[in-house]
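Student: predicted model, plus sequence, below.
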Amino acid sequence: MKQPFENVVAQHGATVLRVCRVVLGPYDADDAWSETFLSAMRAYPDLPETANVEAWLVTIAHRKAIDVLRVAKRSPLPVDEVPEAPEAPTGRDIPDSEDSDLWAVVKELPSKQRQAVAYRYVAGLTYAEIAEILGGTVEAARRAAADGLKNLRKKYPGAITKGASS
């Protein structure tokens, strides 16, 4: 028997939010997280009991993150004046300066590398699951994650220490 959806959110919500933050950045992740669980809630009754719920949720989060990126590319924001420095948005979980420095380095990674690192080291997915989400081979997923870690280590020493040998 499947667990209630509320338990799924409680169990996997933090992981999905971390994945959304790595893929989108700290400010756009909340919307993708919400959209992920709205979609998941609708589809959950039809999900087989044997399904890997975490991988399923990360797949949905990946698609929602791509939707957010597509919308952002198509939606320029008109302004009267360009501000000298961007203002930090208000809301929960605004990153501290150390997280901001790390995010700046993560943001510079190529998209596939950033996603592969997020799915492997934040969500703990297998390379086969990552390949399925990203639409490539297991070897390509492994290579993207390895290259992403290598680039992170070059630009931000000590950024990935936990689980990096997995």
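Tutor: Here it is on my side, so go on.
Student: and stretch 23-35, how far out from the chain middle?
Tutor: 8 Å (CA atoms, centre = their mean, to the nearest Å).
Student: from now on call the first residue 324
Tutor: Right, with 324 as the first residue, what we last looked at is stretch 346-358.
Student: how about that stretch: buried residues?
Tutor: Neighbour-count burial for stretch 346-358 flags V346, L347, G348, P349, D351, A352, D353, D354, A355, W356, E358 (criterion: 16 or more other CB atoms under 10 Å). Quick note: C-beta positions are derived from backbone N, CA and C, even for glycine.
Student: for T449, state which of the residues you listed is nearest.
Tutor: T449 has its nearest neighbour among the buried residues of stretch 346-358 in V346, at 18.0 Å by CB to CB.
Student: give me the pLDDT for the closest residue to the closest one other than its chain neighbours.
Tutor: Leaving out its chain neighbours, the residue that sits closest to V346 by CB to CB, 6 or more residues apart in numbering is A388, at 4.3 Å. The per-residue pLDDT reported for A388 equals 89.
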